[in-house]
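Student: Sharing a model prediction with you, sequence too.
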Amino acid sequence: MSTSKDMYHLIAIMAAFFMGLCFTSGWAQQPLKPDQIHTRVADASKLTLAQVFATSDSVGNKKKNKSDNVIYWTPAAQAFGYNLYRRKSTETAMPKTPVNGNKQIKFVSSCADFKTIIPEGSDEWTMLVNAFASLDTTVTKPAGGGSQSVGTQQSGSDIKSGATTGQTVGQVQVGADKTQPSQLEWQKKMQQPATFARPEVELCKKFDFGLSKNEKNAVENLALFNLKFRLVAGLAYIDTDVTTHEKYVYELRGVDAKGEEFLIEKDIAVTGGHYTPLSAPTGFKLTPGDAKILATWDRKEQDADYILQRNWDVTYRDIHDNPIIYDITVDLDGKPLTPTPGFVDYCRFDSDGFPTTHVADDITWNGPTNYVQYSYRVAARDILGRLGTWSSVFKATPTDQTPPMSPKELAVSPSEDKKTPSLILTWPAVTRDINGHRELKTMLTYKIYRAGSEDSLYTINHKSKLHFIAQRKDNPEIADTSKMKYRDKSPLLVPKHGEKDFYYRIICVDGHGNASEPSAIISGRIPDITPPGPTHVTDAQPDSDKITIFWRPNKESDLAGYQIYRSICDYGKIVYDPDIIYDCGFVLLGEVLVEDSTKQSAFNNQLYYVDETVDKGSSICYAYWVRAFDMARNVYSPDYDCPAGKKEYICQKVYEKTPPAVPIISSLKAKNNAVRIEWVASPVQDLRAFHVYRSESDTAAGTFVGCVLENGCGYPGRWPGMNPVCDSIPAKPNPQSVKGLFR
């Protein structure tokens, strides 16, 4: 799609279109030698033949009484080249020598030939450099009529910038746009100045060494509306040796792979210096949308491109900077159309969503604005850029068809008025439609719906009466209404027992009946602000990789469940962060809901939770705290979010069978009838004793000789072990290492 100056068309692609092309004699081909002429005509019934067109340059070629006849055609499937024959209308037979001489008309295969048609540095040279540099976009012949077009434009529900995959130069989608239209990347690159050209694209080398299939396709697509590229592609011939007012008859023959000619078209009549302007396009139709109008018409075989004009003051002016060459493939609603020439005249908007102007044909344009009538007419141009007959004038009026944005950031909160409990809904006012355009000259109505369940609001629309409770109106152009508010004081919000969630949804409707999508569903309740009391944690059972915590059920009638928290114990007490007052370091592990806890209550009237996130083999003791919460999500919370008493938490460690690291013997000292052994061990929380062994050699089995406790005291016999007691286990090993000795 286009910038503000050029809507949906290829800008510099059309640079080669001009009213009077100056055809130099250097473009003419040399005649064939008699022994190079092939006169046998193949069986045309088995061939896919081209369509042939002819016209003449009324301006002439600046030679007295001379004109230029232009013969051009679409490719014939079996042709490797072409020969064009000419006779005067007064003559009865074609000459044996084609007008193109001994050099067939075919795709140029050298840089030298290419430069005779398209000089280096010309607009066409730059266009082809940019086209080759843009072949990440698939280039092929697009759909539409005998005079094929380049690219397609989709005028449907989305706008996307850049070329699409598939066999088109590019597709533009226009319609219920969610972003401003922008030029196709391929089209953008085609219109860039020579400085844009990528240095790796060297045309001479490409033509000298042969073009790829995609590169040939790119040239043929450019040839569809540019005569110079037709000459490069071998699909046109300019006969400069004709006399003005003289009638000529041409015959086009293809040359197959064997070098044999076959007839494509005969009796192609042209009068030098004379041409008939193209007739007005038929099937002209205007389809109004929202701030846009789609114009479409039928394609005729000899139409190269089109000019569309809109009324401006008392006259008509072009609403685009360059001729229209693409096809429309979908309508403004995104429904498929048979590819047809067309153009979408649409209103531009600034970054704030307000309508703005754009420039085309050196005119500053407004709109199209909704509910304003506009008049249009269209004319075709031929391959030489000559304008045909204008169509009749058609009129259309765009209308607002775009719904507002859905209300966002809907919030609900209970009022602070204890005498009249209520729920207050707030949301920012909607000021734009779903395309980001401002809602202007309209009044917005917010329809508010409430239900006792979320499911009940899934299928509502702006015409629903069920669950509708109120509406609010707002002028989106007034800035001080940026925040909308509604207070729901229905007595239904406060049931007799407990509390209940209520669900809300809002729909915004503009003054033209366009309704937004419903807002997100949000719930609220008038809450019970009294939390449950403390929960008595009764026991904890350890395992090697988990710990099970038990507690007694609370008695509150509105109880909803329990939250289980974990921290660390230090000698059987909660560890507090010394840097933060009253921070006991509890983190939430999970919840047990009432419906689940009732299934557990048969277990000695106790509830439980299994913590499977503990570290296997951990030496520390974990602290567990259970906090009840009610249906209003009020959670038991004593001062500073820490347990208020010893009964509210319990300390427990996992069973572990991992032995401590081997101590390092730091000293062996011989004494009188004794040996003093000293060692250093890595500290762990549950380290209790050291066993000392002695052997007669390095390889002999050791003999137990004594036991030393972690505190340095001796112990008779081997340490028997004990169940972990958290009251004797620190949170951190202290000191940093353990020293021991035995004598």
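Tutor: Received the coordinates, thanks.
Student: Only C-alpha atoms from now on, for both contacts and neighbour counts.
Tutor: Noted.
Student: For burial, what's the neighbour tally of the nearest residue to Gly561 once chain neighbours are set aside?
Tutor: Closest residue to Gly561 apart from its sequence neighbours, by Cα to Cα, 6 or more residues apart in numbering: Leu593 at 4.0 Å. A count of nearby residues for Leu593, using other Cα atoms under 10 Å, gives 16.
Student: give me every residue that touches Leu593.
Tutor: Leu593 sits next to 560-562 when contact means Cα atoms under 8 Å, 6 or more residues apart in numbering.
Student: cool, Tyr640 as well?
Tutor: 582-583.
Student: Then it would be within a strand, right?
Tutor: No. Counting by DSSP: H, G, I helix; E, B strand; the rest coil, Tyr640 is not found in a strand; it is helix.
Student: can you tell me how far it sits from Tyr582?
Tutor: Separation of Tyr640 from Tyr582 (Cα to Cα, to the nearest Å): 6 Å.
Student: circling back to that earlier point, may I see the contacts of Leu593 arranged in TSV, with neighbour count and secondary structure as well?
Tutor: Below are the contacts of Leu593 laid out as TSV (neighbours: other Cα atoms under 10 Å; DSSP: H, G, I helix; E, B strand; the rest coil):
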residue	neighbour count	secondary structure
Ala560	20	strand
Gly561	21	strand
Tyr562	24	strand
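Student: Reformat those as TSV; add distance to Pro288 and pLDDT.
Tutor: Putting those into TSV (distance: Cα to Cα, whole Å; pLDDT from 0 to 100) gives the following:
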residue	distance to Pro288	pLDDT
Ala560	58	89
Gly561	60	92
Tyr562	61	95
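Student: possible to save those residues as CSV with distance to Ala689?
Tutor: Listed next are the contacts of Leu593 as CSV, based on distance: Cα to Cα, whole Å:
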residue, distance to Ala689
Ala560, 48
Gly561, 44
Tyr562, 41
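Student: just the residues you listed now: which is nearest Ile506?
Tutor: Set against Ile506, the nearest of these by Cα to Cα is Ala560 (30.0 Å).
Student: Look up how far Glu499 lies from that closest one.
Tutor: Per Cα to Cα, Ala560 is found 12 Å from Glu499.
Student: what's the overlap in contacts for the two?
Tutor: Common neighbours of Ala560 and Glu499 (Cα under 8 Å, 6+ apart) are Met631.
Student: Run the chain-centre distance for stretch 460-468.
Tutor: Relative to its parent chain, stretch 460-468 has a centroid offset of 33 Å by Cα atoms, centre = their mean, to the nearest Å.
Student: Disregarding flanking residues, what is the spatial nearest neighbour of Ser597?
Tutor: Among residues not flanking Ser597 along the chain, Leu607 sits closest, at 6.2 Å (Cα to Cα, 6+ apart).
Student: Show me the shaky parts of the stretch 501-650 of the chain.
Tutor: Applying pLDDT under 70 to the stretch 501-650 of the chain flags residues 598-604.
Student: Where do the strands of it begin and end?
Tutor: For the stretch 501-650 of the chain, the strands defined by DSSP state E, counting those that start in this stretch occupy 502-509, 522-524, 537-542, 547-551, 559-570, 573-574, 587-593, 607-611, 621-630, 649-652.
Student: can I get these in JSON lines with distance to Tyr250?
Tutor: As requested, the strands of the stretch 501-650 of the chain are exported to JSON lines (distance: least, Cα to Cα, whole Å):
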{"stretch": "strand 502-509", "distance to Tyr250": "66"}
{"stretch": "strand 522-524", "distance to Tyr250": "78"}
{"stretch": "strand 537-542", "distance to Tyr250": "103"}
{"stretch": "strand 547-551", "distance to Tyr250": "99"}
{"stretch": "strand 559-570", "distance to Tyr250": "94"}
{"stretch": "strand 573-574", "distance to Tyr250": "105"}
{"stretch": "strand 587-593", "distance to Tyr250": "90"}
{"stretch": "strand 607-611", "distance to Tyr250": "94"}
{"stretch": "strand 621-630", "distance to Tyr250": "96"}
{"stretch": "strand 649-652", "distance to Tyr250": "105"}
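Student: Name the surrounding residues that touch stretch 63-81.
Tutor: The contact list for stretch 63-81 (Cα under 8 Å, 6+ apart) reads 23, 47-61, 104-107, 230, 234-244, 254-257, 270, 272-273.
Student: Just the ones of these in strands?
Tutor: Judged by DSSP state E, these include 52-57, 236-243, 254-255, 270 as members of strands.
Student: Any of the contacts of stretch 63-81 buried? List them.
Tutor: Using 16 or more other Cα atoms under 10 Å as the burial test, those include 23, 49-50, 52-61, 104-107, 230, 234-244, 254-256, 270, 272-273 as buried.
Student: which of the residues in the helix or strand where Phe262 lies are buried?
Tutor: Taking DSSP states H and E as the definition, Phe262 sits inside strand 261-271. Using 16+ other Cα under 10 Å as the test for burial, strand 261-271 gives 261-265, 268-271.
Student: mind putting these in JSON lines, pLDDT and distance to Val705 included?
Tutor: Formatted as JSON lines, the buried residues of strand 261-271 follow (pLDDT from 0 to 100; distance: Cα to Cα, whole Å):
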{"residue": "Glu261", "pLDDT": "93", "distance to Val705": "115"}
{"residue": "Phe262", "pLDDT": "93", "distance to Val705": "115"}
{"residue": "Leu263", "pLDDT": "94", "distance to Val705": "117"}
{"residue": "Ile264", "pLDDT": "93", "distance to Val705": "115"}
{"residue": "Glu265", "pLDDT": "93", "distance to Val705": "118"}
{"residue": "Ile268", "pLDDT": "94", "distance to Val705": "122"}
{"residue": "Ala269", "pLDDT": "95", "distance to Val705": "125"}
{"residue": "Val270", "pLDDT": "94", "distance to Val705": "125"}
{"residue": "Thr271", "pLDDT": "93", "distance to Val705": "128"}
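Student: Mind putting the residues you listed into JSON lines with distance to Pro518?
Tutor: What follows is these, written out as JSON lines (distance: Cα to Cα, whole Å):
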{"residue": "Glu261", "distance to Pro518": "69"}
{"residue": "Phe262", "distance to Pro518": "67"}
{"residue": "Leu263", "distance to Pro518": "67"}
{"residue": "Ile264", "distance to Pro518": "63"}
{"residue": "Glu265", "distance to Pro518": "63"}
{"residue": "Ile268", "distance to Pro518": "65"}
{"residue": "Ala269", "distance to Pro518": "66"}
{"residue": "Val270", "distance to Pro518": "66"}
{"residue": "Thr271", "distance to Pro518": "68"}
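Student: Counting neighbours, what do you get for Arg299?
Tutor: Neighbour count of Arg299, defined by other Cα under 10 Å: 25.
Student: Give me the residue ranges of the protein where confidence is low.
Tutor: Along the chain, segments meeting pLDDT under 70 span 1-48, 58-62, 136-201, 479-481, 496-498, 598-604, 656-658, 685-686, 722-724, 733-743.
Student: how about the strands in the stretch 1-150 of the chain?
Tutor: Ranges of strands in the stretch 1-150 of the chain, per DSSP E, counting those that start in this stretch, are 52-57, 66-73, 81-88.
Student: Out of those, which is closest to Leu493?
Tutor: Ranking the strands of the stretch 1-150 of the chain by proximity to Leu493 (Cα to Cα) places strand 66-73 first, at 78.8 Å.
Student: Partner strands of that closest one and their direction?
Tutor: Under the criterion DSSP bridges, strand 66-73 sits next to strand 52-57 (antiparallel), strand 236-243 (antiparallel) in its sheet.
Student: I'd like to know which of the ones you listed is closest to Gly121.
Tutor: Among the strands paired with strand 66-73, the nearest to Gly121 by Cα to Cα is strand 236-243 (22.5 Å).
Student: Thought Leu559 was touching Val594, still the case?
Tutor: Yes. If you go by Cα atoms under 8 Å, Val594 and Leu559 touch, sitting 7.0 Å apart.
Student: Could you check what's spatially nearest to Thr369, not counting adjacent residues?
Tutor: Nearest one to Thr369, counting by Cα to Cα, 6+ apart, is Ala291 at 5.3 Å.
Student: Could you do Tyr655 as well?
Tutor: Nearest residue to Tyr655 in three dimensions, chain neighbours excluded: Ser544, at 4.5 Å (Cα to Cα, 6+ apart).
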